[in-house]
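Asker: Got a predicted model here, sequence first, then my questions.
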Amino acid sequence: MKTALLVAAVDGRIGGVMIFGDRGTGKSTAARALAATLPPIRALENSRFNCDPDDPSAFNDPQASKRVRRIAVPFVDLPLGSTEDRVVGTLDLEKALSKGEKHFEPGLLAKAHRGFLYIDEINLLEDHVVDLLLDVAASGENLVERDGLSVRHPARFVLVGSGNPEEGELRPQLLDRFGLSVEVRTPEDIQDRVEIMRRCDAQERNPKAFAKKWEKEDTRILRRINRAKKALSKVKTPAKILKETANICKAVGADGLRGELTLMRGARALAALNGDAAVTREHLIEMAPMALRHRLRRDVLDETGSTVRIERALQELFG
């Protein structure tokens, strides 16, 4: 789970992370922790869309001033009961009624721009809202055509969804739109469980002391992400690796070509995180279960889990 979140933070084109797992295994905690670890970003003051002053292609926001300020990386929780208007934005009724003017009231997608959009229990969210979110996440833009308004604004964010499979699964065509998918299980090792209790207790007793204790580790992860982002465009992907990527996807029977693209991008981001100059087979093997486990066709003759099927295919291909 942590690797998937780090990889998604390095390359936003991967398309977000879907986390399925048992209740109380730290799914939302991990996503929030990553957003809190990242450095503040520069944005135009009063901008409704967190516009980047260094991006010449940034959309014009008439309410934004030319002054630049630093803001925390946006982390937006999307509640289960959210309506489509609340998500994409709508007409500002207060100004419409009081002044007779049409003004756009930005939604959650605008607030999440350049940050994270987190959806807990995404499998319980209405399908049409999930469709909308995935379309915007893929295009990086939100187009609103309603109530006499026509507004287009940037909406580039890392989409993180979590859920418990016992409460229902996402439709396969929606799952396929997520870049990475991971499964989290309750720890079986007693020492791990004891250590989790110790750390939770220490954080509750003295949050400041706990944060101070882990400050160096947070800084190390932050520097690792920054170095990886700068190095990403320089990481080479040899032709041999591209062929092996296609072979893996064909061997596991992944539908479509999103699997190849995601596996390639994920392996490249992982190489950048590890400080490697080129993608290797080891990067592919590590990323394959995350990039492909949610893209497999269901085989009625093979009831083993998708991760096991991928590992078996890797074993047959590479030994």
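Answerer: Perfect, thanks for sending it. Numbers count the residues shown, from 1 in each chain.
Asker: use CA for all of it now, contacts and neighbours both
Answerer: Will do.
Asker: where are the low-confidence patches of the stretch 51-200 of the chain?
Answerer: Within the stretch 51-200 of the chain, the stretches with pLDDT under 70 are 56-60, 92-102, 147, 171-173.
Asker: For it, which segments are assigned as helices?
Answerer: 84-88, 93-99, 108-112, 127-139, 172-175, 190-205 (DSSP state H, counting those that start in this stretch).
Asker: what packs against the longest one?
Answerer: If you count contacts as 3 or more C-alpha pairs under 8 Å, 6 or more residues apart in numbering; DSSP states H and E, helix 190-205 packs onto helix 207-213.
Asker: For the helix or strand just after the helix it packs on, what is the distance to the chain centroid?
Answerer: Downstream of helix 207-213, the first helix or strand assigned by DSSP states H and E is helix 215-231. Offset of helix 215-231 from its chain centre (C-alpha atoms, centre = their mean, to the nearest Å): 18 Å.
Asker: Next, format the helices of the stretch 51-200 of the chain as CSV and append distance to residue 272.
Answerer: Formatted as CSV, those follow (distance: least, C-alpha to C-alpha, whole Å):
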stretch, distance to residue 272
helix 84-88, 34
helix 93-99, 47
helix 108-112, 25
helix 127-139, 23
helix 172-175, 26
helix 190-205, 29
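Asker: Out of the ones you listed, which one sits most buried?
Answerer: With neighbours taken as mean count of other C-alpha atoms under 10 Å, those reach their highest mean count in helix 108-112, at a mean of 23.
Asker: elements contacting it?
Answerer: The helices and strands touching helix 108-112, judged by 3+ C-alpha pairs under 8 Å, 6+ apart, are strand 75-77, helix 84-88.
Asker: 6 Å - rerun?
Answerer: Other helices and strands packing on helix 108-112, by 3 or more C-alpha pairs under 6 Å, 6 or more residues apart in numbering; DSSP states H and E, are helix 84-88.
Asker: Export the helix it packs on to CSV, keeping only CA atoms.
Answerer: Written as CSV, here are the backbone C-alpha positions of helix 84-88 (Å, rounded to 0.1, in the frame of the first residue of the first chain):
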residue,chain,number,x,y,z
GLU,A,84,-23.1,15.6,-8.4
ASP,A,85,-23.5,19.4,-7.9
ARG,A,86,-21.3,19.3,-4.7
VAL,A,87,-18.6,17.3,-6.6
VAL,A,88,-18.3,19.2,-9.9
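Asker: Contacts for it, please.
Answerer: 107, 108, 109 (C-alpha atoms under 6 Å, 6 or more residues apart in numbering).
Asker: and if we set it to 10 Å?
Answerer: Residues outside helix 84-88 that contact it (C-alpha atoms under 10 Å, 6 or more residues apart in numbering): 78-79, 90-91, 105-111, 126, 128-130, 132-133, 136, 142-144, 146, 155.
Asker: Check stretch 307-319 too.
Answerer: Contacts with stretch 307-319, where a contact means C-alpha under 10 Å, 6+ apart, come from 182-183, 244, 247-253, 281, 284-286, 288-290, 292-294, 296, 302-303, 306.
Asker: Domain ranges for the protein, per the record?
Answerer: Following automatic domain parsing, one gets these domains for the chain: 2-186, 191-231, 235-318.
Asker: what about the nearest residue to residue 270 once chain neighbours are set aside, neighbour count?
Answerer: With sequence-adjacent residues excluded and distances taken as C-alpha to C-alpha, 6 or more residues apart in numbering, residue 270 is closest to residue 7, at 6.0 Å. Around residue 7 there are 28 other residues, counting by other C-alpha atoms under 10 Å.
Asker: now the angle between helix 215-231 and whichever strand or helix holds residue 3, please.
Answerer: Using DSSP H and E, residue 3 maps to helix 2-10. Computed by axes from the mean of the first three to the mean of the last three C-alpha atoms, to 10 degrees, the angle separating helix 2-10 from helix 215-231 equals 50 degrees.
Asker: what helices or strands is the next helix or strand after helix 2-10 leaning on?
Answerer: Once helix 2-10 ends, the next helix or strand along the chain (criterion: DSSP H and E) is strand 17-21. Packing contacts for strand 17-21, counted by 3 or more C-alpha pairs under 10 Å, 6 or more residues apart in numbering; DSSP states H and E, involve helix 2-10, helix 27-37, strand 116-120, strand 158-163, strand 180-184, helix 281-292.
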